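Student: any chance you can model this:
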Amino acid sequence: MMHRRQFLKRASAGLGALMVPGMTRRVRGARVNRPNIVMVVGDDMTWRDCEPYGNVEVKTPNMARLAREGICLDAMFTATAMCAPTRQQLYTGMFPIRSGAYPNHSKVYPGVKSLAHYLKDLGYRVALTGKTHFGPPESFPFERLTGREHDGGKGKDLVFDAAEAFVRRDADQPYCLVVASNQPHTPWNRGDAAAYDAETLTVPPYWVDCPETRREMTKYYAEITYLDAQLGKCMQIVERSGQADNTMVVFTSEQGASLPSGGKWTCYDTGLKTAFIVRWPAKVKAGTRSDAMTQYVDVAPTLIEVAGGMPDQIETGRPDAHGGKGFDGRSLLGVLLGKAKKHREYVYGAHTTRGIIRGSACYPVRSVRSNRFKYIWNPNHKSAFYNVASTGSKSMWSVWAEYGADDARAAFLTHRYRHRPEEELYDIQKDPHELSNLADKAEYAPVKAQLRAELDRWMRQQGDEGVTTELRAIERQGRNRKWTAYNPNRP
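Tutor: You can find the predicted model right below:
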């Protein structure tokens, strides 16, 4: 006869065999009230261009509803305002240079793991529909549902029937579904631009106010409304599942829009800051906001903790410069639950221009931001900054440059986009659009020195050598990637 002590010992050993590093003591696949996760990711949407973040001109009723029923994080940042590095830091919990995915169209180092690994090990079904922009495949083993990698503007871009079938497939097993939209990434070919009156729109101060800008804004806003409808369909799927109360629905806008003078391809807040809304009726108080500073690298550890794992015990597959093997982020679950009012003292940015379409041969940008001040370092500032948004006679930058012949503000905005000083310093509270550089003002020298020291510390931890790292960027892109540095003198 087996004694009670022997039985408990054998049962404990059997349960331990089901565990992986970072798991809590739960049988894999058992729900145990763990929440489902639906994460909707936008594409090139400036954080402030929706109703929950203050832009009432853009029609986003579903984002507004999600905010009313959940929490808005008002200080969430990605570290790189380009698609592939942004998504890979979201899924891996590592900053781009440490993971290897720091230029655009890049891939992480072999062995790096992602949410798809961690949540599957915790018993979740994990799937993605829509845009990927990550690699290699073994680092991101999502179950791939239907959906387009790039949207040509015709036909279905996301197939919600497949998403709903995945959600309903096994009610007893928790799931994570990533819905990665192509909107509002250019070309702006979705939505109803006629729903917006170009003449009445408010042009933000980092764009040149002209008829061409206003016309583009109607198309851009139409795509945001289209994205909002996609979010609404996801919310309906969750509600039809009968598990809405214990399903975490996340919406995030990714990086800023691709029009120049701020936004995508920069380390300004317009590019790095992102909308981030979470609804989880069972746990998150509705209609709340938090100004705690957080980063995309904090999302993976958060979802692991939500799923019952222990993120501080997980090895990510990639050491840092000092030998650590964990995440760059840490769980922000306390912020979501209203138990923590602060999370980070600093957030960081790292932009790589080498390797992007019509990009400069070498123009790295690094940044660090406190709650009040932003410091930006442009180590190769004597060169000009180029990309696809600022080259060619039909680019918006070229249109704005023509206005600059007679308009001082247009001249200022177009010049600062291509020609920047080595150091930039902004008082975010007084100058939220980062248009007044304080770097050369003596009274701000202590602030600048302190932020520069913090940026240097972070770069060392990441193994970031600045210009040297920039020059190696092509090695991190796809094997068949073809790229030539932009030459403004080329016919």
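Student: what helix or strand is Cys267 on?
Tutor: Secondary structure assignment for Cys267, by DSSP states H and E: no helix or strand.
Student: what are the phi and psi values at it?
Tutor: phi -110, psi 20 (degrees, to the nearest 10).
Student: pretty sure it contacts Asn378?
Tutor: No. Cys267 is beyond contact range of Asn378, at 9.1 Å (criterion: C-beta atoms under 8 Å). Backbone N, C-alpha and C define where each C-beta goes, glycine included.
Student: Ala84 contacts Tyr102, doesn't it?
Tutor: No. If you go by C-beta under 8 Å, Ala84 and Tyr102 don't touch, sitting 9.2 Å apart.
Student: please say which of the two ends up with more neighbours.
Tutor: A count of neighbours by other C-beta atoms under 10 Å puts Tyr102 above the other of Ala84 and Tyr102, at 31 against 25.
Student: tell me the helix or strand right after the helix or strand harbouring Arg409.
Tutor: Per DSSP H and E, Arg409 falls inside helix 408-418. Per DSSP H and E, the first helix or strand lying C-terminal to helix 408-418 is strand 423-427.
Student: Gln429: neighbour count?
Tutor: Around Gln429 there are 9 residues (other C-beta under 10 Å).
Student: again with Asp440
Tutor: By other C-beta under 10 Å, neighbour count at Asp440 equals 11.
Student: what does Ala286 give?
Tutor: 12.
Student: helix, strand or coil: sort out it for me.
Tutor: Reduced to three states with DSSP: H, G, I helix; E, B strand; the rest coil, the structure at Ala286 is coil.
Student: show the contacting residues for the closest residue to it other than its chain neighbours.
Tutor: Excluding its sequence neighbours, the residue lying closest to Ala286 (C-beta to C-beta, 6 or more residues apart in numbering) is Glu69, at 5.0 Å. Listed by C-beta atoms under 8 Å, 6 or more residues apart in numbering, the contact set of Glu69 reads 279, 281, 286-287.
Student: got phi/psi on Glu69?
Tutor: phi -100, psi 0.
Student: and it, how far from His150?
Tutor: 32 Å (C-beta to C-beta, to the nearest Å).
Student: next: Gly324.
Tutor: Using C-beta to C-beta, Gly324 is found at 36 Å from His150.
Student: show me what counts as buried in the longest helix seen in the chain.
Tutor: What stands out as the longest helix in the chain, according to DSSP state H, is helix 211-240. By 16 or more other C-beta atoms under 10 Å, the buried positions in helix 211-240 come out as 213-214, 216-228, 230-235, 237-238.
Student: report the distance from that helix to the chain centre.
Tutor: Relative to its chain's centre, helix 211-240 lies at 18 Å (C-alpha atoms, centre = their mean, to the nearest Å).
Student: do stretch 179-188 as well
Tutor: For stretch 179-188, the distance to the chain centre is 14 Å (C-alpha atoms, centre = their mean).
Student: surely Ser241 touches Thr247?
Tutor: Yes. Using C-beta under 8 Å, Ser241 makes contact with Thr247 at a distance of 7.3 Å.
Student: residue ranges with poor pLDDT in the chain?
Tutor: Flagging of the chain using pLDDT under 70 yields the residue ranges 1-32, 479-480, 490-491.
Student: residue ranges for the helices of it, please.
Tutor: Under DSSP H, the chain gives helices at 4-16, 61-69, 83-92, 96-99, 115-121, 160-168, 211-240, 269-272, 299-306, 333-336, 396-403, 408-418, 445-462, 467-471.
Student: and Tyr386, which of these is closest to it?
Tutor: When these are compared by C-beta to C-beta, helix 408-418 sits nearest Tyr386, at 7.0 Å.
Student: and the contacts of that closest one?
Tutor: Contacts for helix 408-418 (C-beta under 8 Å, 6+ apart): 206-208, 210, 260-261, 384-386, 390, 397, 400-401, 403-405.
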